[in-house]
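1. With the sequence up front, the predicted model follows.
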Amino acid sequence: MATDTIHLFLNPTAGRGRAGRRQQRIIELLEQKAIAIELHNSRSSGDLEAQVLRYVDAGARRIIVAGGDGSIHEATNGILRSDRRAALGVIPTGTGNDFAKACDIPLNWEHATQLLADRIAAGETPRKIDAGRFNDRYFANGAGIGFDAKVTRVARSINLPIGDLVYLLAIFRSMLGGIASPNLQINAGDTVWEGPLTLASICNGPWIGGMFHIAPMASNADKVLELLIAKPVTRRRLLTLLPKLMSGEHLQEAEIVHQPITKLSIRAEQPIPSHLDGEVQALQTEFEIEVLPEALELL
């Protein structure tokens, strides 16, 4: 493996197949800057993570991921599970692209590719950003417990070419059976919560689901995570909150509790849904979450 080779990991199904269709153009734009690229396609869930881990363990120092938040999630876990370090480049070709927004990466994939190629060719030093740990997994942009995890699962089942609107449709579908309010015990520094809630969102970046400005204050370079708790709400109340959740104007609402944190523990009476970077996790009752300052290097 040549030490100057950059490994490009691409999920052909990201963004409803857009990533696969853009593969050749992405390679062309990178090679125009005399960047040696070795392409690796992921074929199934978890495959991209396993490949990234294998190549980073073997000495790869720079990798690029062309995909959405799910692909970035797998790459993050591949990098952080290794004992070695590797810098991450991102070309957003997904649906929500929340991580790209958090990192000020252009959402136009060609522009993002060109800027990335320019930085690599110029030998710019990667910038360091925070990540999060969630039990034995890692996340780049955010984690959620409760209703937003249910919405994520429903969104995965919707196969319509409607972009970010898939998450809005998933919210409406998720509300049909009512909004669950599990009893949770949360310990996060000065914030202690015990009782029912709609969701707990732990944010490293400002956006979730592409269109929800859930944590406007969040920065992935400030060494803290933002905890947002939503108290139990009715379906009617949730409908009135949605516009504010999309615009980031919900923080003063009575149902919202916000606290910057570096570490927290959550206990549930019954196994409940959760997600990491939009990837649905197995039902669990205990959650240990912490920020990992400057754990990732961004090309």
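-> Looks like it arrived, so ask away.
2. Flag the shaky bits of the stretch 151-299 of the chain, pLDDT-wise.
-> By pLDDT under 70, the stretch 151-299 of the chain has no low-scoring segment.
3. Swap in 80 and give it another go.
-> For the stretch 151-299 of the chain, applying pLDDT under 80 flags the ranges 153, 155-164, 167, 177-178, 180.
4. for the stretch 1-150 of the chain, what spans make up the strands?
-> Taking DSSP state E, counting those that start in this stretch, the strands of the stretch 1-150 of the chain run over residues 6-10, 37-41, 62-67, 87-92, 127-134, 137-139, 142-146.
5. got the ones you listed as a markdown table, with distance to N77 and mean neighbour count columns?
-> Using the backbone N, CA and C atoms, a C-beta is placed for each residue, glycine as well. As requested, those are exported to a markdown table (distance: least, CB to CB, whole Å; neighbours: other CB atoms under 10 Å):
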| stretch | distance to N77 | mean neighbour count |
| --- | --- | --- |
| strand 6-10 | 12 | 23 |
| strand 37-41 | 16 | 15 |
| strand 62-67 | 12 | 26 |
| strand 87-92 | 12 | 25 |
| strand 127-134 | 10 | 19 |
| strand 137-139 | 5 | 23 |
| strand 142-146 | 13 | 28 |
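6. Nearest to P260, out of the ones you listed?
-> Comparing the strands of the stretch 1-150 of the chain against P260 with CB to CB, the closest turns out to be strand 127-134 (12.2 Å).
7. Would you tell me which of the strands of the stretch 1-150 of the chain gets closest to D98?
-> The closest of the strands of the stretch 1-150 of the chain to D98 is strand 142-146. By CB to CB, the value is 7.3 Å.
8. the inter-axis angle of the closest one versus strand 127-134?
-> Here strand 142-146 runs at an angle of 20 degrees relative to strand 127-134 (axes from the mean of the first three to the mean of the last three CA atoms, to 10 degrees).
9. For strand 142-146, which strands pair with it and how are they oriented?
-> Pairing partners of strand 142-146, with direction, according to DSSP bridges: strand 199-203 (antiparallel), strand 274-276 (antiparallel).
10. mind checking pLDDT for the nearest residue to I64 once chain neighbours are set aside?
-> Counting by CB to CB, 6 or more residues apart in numbering, G89 is the residue found nearest to I64 once chain neighbours are left out, at 3.9 Å. G89 is assigned a predicted lDDT (pLDDT) of 98.
11. so who does G89 touch?
-> By CB atoms under 8 Å, 6 or more residues apart in numbering, the contact list for G89 reads I6, R62, I63, I64, V65, L116, I120, L298, L299.
12. Surely the fifth one is in contact with P92, unless I've mixed up the numbering?
-> No - contact criterion CB atoms under 8 Å: V65 and P92 do not qualify, at 9.5 Å.
13. Just give me the neighbour total for I256.
-> Residues contacting I256 under the criterion other CB atoms under 10 Å number 16.
14. no wait, A254
-> Neighbours around A254, by other CB under 10 Å: 7.
15. Once you drop chain neighbours, what's closest to it?
-> Here the residue nearest A254, using CB to CB, 6+ apart, is K231, at 7.7 Å.
16. what ranges do the helices span in this structure?
-> Secondary structure of the chain by DSSP state H: the helices cover 14-21, 23-31, 47-57, 69-80, 98-102, 109-121, 147-156, 165-175, 235-247.
17. Flag every buried residue along stretch 282-297.
-> For stretch 282-297, the neighbour count (16 or more other CB atoms under 10 Å) marks F287, I289, V291, L292, A295, L296, E297 as buried.
18. Next one: A102 relative to P232, how far apart?
-> Distance, A102 to P232, using CB to CB, to the nearest Å: 29 Å.
19. How about A282?
-> Per CB to CB, A282 is found 25 Å from P232.
20. any chance of the helices of the chain in TSV, plus mean neighbour count?
-> Shown next, in TSV, are the helices of the chain (neighbours: other CB atoms under 10 Å):
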stretch	mean neighbour count
helix 14-21	19
helix 23-31	16
helix 47-57	20
helix 69-80	26
helix 98-102	25
helix 109-121	18
helix 147-156	23
helix 165-175	18
helix 235-247	14
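21. Now do the domain split for this structure, please.
-> As assigned by automatic domain parsing, the chain contains the domains 6-125, 139-293.
22. any chance of the strands of the stretch 1-150 of the chain in a markdown table, plus distance to V154?
-> Output for these, formatted as a markdown table (distance: least, CB to CB, whole Å):
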| stretch | distance to V154 |
| --- | --- |
| strand 6-10 | 27 |
| strand 37-41 | 28 |
| strand 62-67 | 21 |
| strand 87-92 | 23 |
| strand 127-134 | 21 |
| strand 137-139 | 20 |
| strand 142-146 | 13 |
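23. What score does T3 have for pLDDT?
-> At T3, pLDDT is 47.
24. coming back round to it: out of the helices of the chain, which gets nearest to N135?
-> helix 69-80 (12.1 Å).
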